[in-house]
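In: Show me how the following folds:
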Amino acid sequence: LDGRIDPASGVPCMSSLILSVLQDERSAEPLLRALDFFPLPFTKIRENIIYTLGHLREKRAVDALIAVLEAPDEVAKDAAGRPTACLLLEQKEEAVWALGKIGLAAVKAIPALASYADHPSAKLKTYLAWTLGEVGRAQKEATGGLSADIVIALLKLLKDRNRQIFEETVSALKKINMPEFVHSLYLYHVGAVSILGLKPAQRGLYELSETLHHLLRTKRTAIMAVNGDSGT
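Out: Below you'll find the model as predicted:
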């Protein structure tokens with residue numbers, strides 16, 4: 001935060017990196033000030049700051065993280081349309097992840113988060129699915145209800161053919177207690193469908209044998225948990 005130190009010297013960046021390793025709660029207040037002190041183009045410094053605030057689950061950072069998401073992916077362009085300042089993609093990835101760590105206080109960020117369900121970055125959408133699951137679970141536990149934007153965004157992500165996005169989305173739907181809904185969907189065009197596993201046994205061995213048959217056909221290693229009465 002010392003204005004006499006040139007950011008190009010690397011000192012602020014190294015300081016932010018060390019603070020991200022220490023993750024000391026006493027750094028929260030100056031890190032929040034640093035987000036205002038360093039504008040968006042100082043992306044590496046800000047990534048470290050956002051990462052640390054996420055680990056600290058700092059509720060006061062939510063508004064600043066929403067501002068990151070609402071900014072364009074490219075801060076500035078020249079006359080030819082080329083970026084002249086920086087790309088904010090990695091900073092946005094950190095912001096999405098940090099909001100998931102913050103949890104319930106990030107509910108106000110749901111509209112901004114949901115707007116990224118159609119983003120071209122697979123990595124960002126993987127983070128997004130995880131965060132929607134975390135924020136959705138916190139919201140449901142605290143209020144008994146769930147924002148429709150979360151469900152709509154997760155359904156969009158569920159159609160993505162990227163394995164990591166699909167798996168994280170299914171996990172998020174389970175976090176918000178929608179497993180029966182997931183099992184009712186026709187998702188067998190997705191290679192990662194085996195993550196759905198077997199529903200809790202309620203009807204008997206037929207479902208178990210069908211699942212075993214499917215796993216054998218995939219010819220891949222699988223781990224399956226089976227519960228039921230003695231003899232199942």
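In: By mean pLDDT, flag the weakest helix or strand of the chain.
Out: Here the helix or strand of the chain ranked lowest by mean pLDDT, DSSP states H and E is helix 179-183, holding a mean of 68.
In: Could I get the CA-only coordinates of the next helix or strand after that one as CSV?
Out: For helix 179-183, the succeeding helix or strand toward the C-terminus, using DSSP states H and E, is helix 205-218. This file holds the C-alpha atoms of helix 205-218, laid out as CSV (Å, rounded to 0.1, in the frame of the first residue of the first chain):
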residue,chain,number,x,y,z
LEU,A,205,-31.4,-56.0,-7.1
TYR,A,206,-32.7,-55.0,-10.6
GLU,A,207,-31.3,-51.5,-10.3
LEU,A,208,-28.0,-52.8,-8.9
SER,A,209,-27.6,-55.3,-11.8
GLU,A,210,-28.4,-52.6,-14.4
THR,A,211,-25.8,-50.3,-12.9
LEU,A,212,-23.2,-53.1,-12.8
HIS,A,213,-23.9,-53.9,-16.4
HIS,A,214,-23.4,-50.3,-17.4
LEU,A,215,-20.1,-50.1,-15.5
LEU,A,216,-18.9,-53.3,-17.1
ARG,A,217,-19.6,-52.0,-20.5
THR,A,218,-17.6,-48.8,-20.0
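In: Please compute how far helix 205-218 lies from its chain's middle.
Out: 32 Å (Cα atoms, centre = their mean, to the nearest Å).
In: got it, and stretch 47-55?
Out: On the basis of Cα atoms, centre = their mean, stretch 47-55 sits 14 Å off its chain's mean C-alpha point.
In: and the stretch of helix or strand residue 150 belongs to, which residues are buried?
Out: Assigned by DSSP H and E, residue 150 falls within helix 148-158. Across helix 148-158, burial judged by 16 or more other Cβ atoms under 10 Å covers 149, 150, 151, 153, 154, 156, 157, 158. (Glycine included, C-beta is placed from N, CA and C.)
In: Let me have those in CSV, extended by pLDDT and distance to residue 106.
Out: Shown next, in CSV, are the buried residues of helix 148-158 (pLDDT from 0 to 100; distance: Cβ to Cβ, whole Å):
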residue, pLDDT, distance to residue 106
149, 97, 13
150, 97, 11
151, 94, 17
153, 97, 14
154, 95, 16
156, 94, 19
157, 94, 18
158, 89, 21
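In: Can you add distance to residue 44 and give the residues you listed back as CSV?
Out: Formatted as CSV, the buried residues of helix 148-158 follow (distance: Cβ to Cβ, whole Å):
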residue, distance to residue 44
149, 31
150, 31
151, 35
153, 28
154, 31
156, 30
157, 28
158, 33
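In: out of those, who's nearest residue 116?
Out: Checking those against residue 116 by Cβ to Cβ gives residue 153 as the nearest, at 7.9 Å.
In: List the residues that contact that closest one.
Out: Contact analysis of residue 153 by Cβ atoms under 8 Å, 6 or more residues apart in numbering lists 113, 114, 116, 117, 128, 132.
In: can you name the two of these that are farthest apart?
Out: Using Cβ to Cβ, the contacts of residue 153 reach their maximum pairwise distance at 116 and 132, which is 9.7 Å.
In: of the two, who's got more company?
Out: Using other Cβ atoms under 10 Å, the more surrounded residue of residue 116 and residue 132 is residue 132, with 31 against 21.
In: In terms of helices and strands, where is that one?
Out: According to DSSP H and E, residue 132 maps onto helix 122-143.
In: I would like the residues contacting that helix, please.
Out: 89, 92-93, 96-97, 99-101, 103-104, 106-107, 109-110, 113-114, 116-117, 119, 145-147, 150, 153-154, 157, 160, 162, 164-165, 168-169, 171-177.
In: If anything else comes up later, I'll come back, but that's it for now.
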